[in-house]
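In: Any chance you can model this:
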Amino acid sequence: MPKVTRLGHVGLFVTDPEVMLEFYSGFLGMTVTDRDERRVFLSSRPGEEHHELLLAKNAERHTDPQQLSFVVESLSDLREFYAQIVERKYSIDHVNNHGNAIGCYFRDPEDNRVEVYWHTGIDWPQPFSQPIDLFLSESELLGVLDDMKASV
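Out: Next up, the predicted model:
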């Protein structure tokens, strides 16, 4: 049975990303690793972890729970978690290839957003998100990643 290996990152839904960016980067000293118009990725260990904190703009932040993201050791573990999530009938938000990771986003029994993800080993700019089917075979999933590596 697979298990998560550690907490990977936390996603906070915020109303003013710039104010929060000043707090987490300017005051606490985290490094901005990527960003777009509504998301900022920060890490205290950018050489080891692309992001430990995600700030995502959401004007109605109190209507959506925050997000906890957990790392798994292998693609096989991620696929096994996915099968168990489906079997247990947890609500799945989406499953995405982020280039640097593949993640399954779902809801825990009290409707909190949880992600389990596997690091692909590819250095890919963020944000990037492309739906992916974890019921594909492991070799098919690795083929998608190989195609991405070839395009860099």
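
In: Can you tell me the centre-most residue of this protein?
Out: For the chain, the residue nearest the mean C-alpha position is residue 103 (5.6 Å; CA atoms, centre = their mean).

In: Give me the distance between it and residue 28.
Out: From residue 103 across to residue 28, the span is 25 Å (CB to CB, to the nearest Å). Any C-beta I mention is one placed from the backbone N, CA and C, and that applies to glycine too.

In: Longest strand of the protein, counting residues only.
Out: Ranked by number of residues, the top strand in the chain under DSSP state E is strand 4-14.

In: which other helices and strands contact the next helix or strand after that strand?
Out: As assigned by DSSP states H and E, the chain's next helix or strand after strand 4-14 is helix 17-21. Judged by 3 or more CB pairs under 8 Å, 6 or more residues apart in numbering; DSSP states H and E, helix 17-21 is in contact with strand 39-43, strand 53-57.

In: export those strands to CSV and tack on mean neighbour count, distance to residue 20 and mean pLDDT?
Out: Listed next are the helices and strands packed on helix 17-21 as CSV, based on neighbours: other CB atoms under 10 Å; distance: least, CB to CB, whole Å; pLDDT from 0 to 100:
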stretch, mean neighbour count, distance to residue 20, mean pLDDT
strand 39-43, 21, 8, 94
strand 53-57, 20, 5, 91
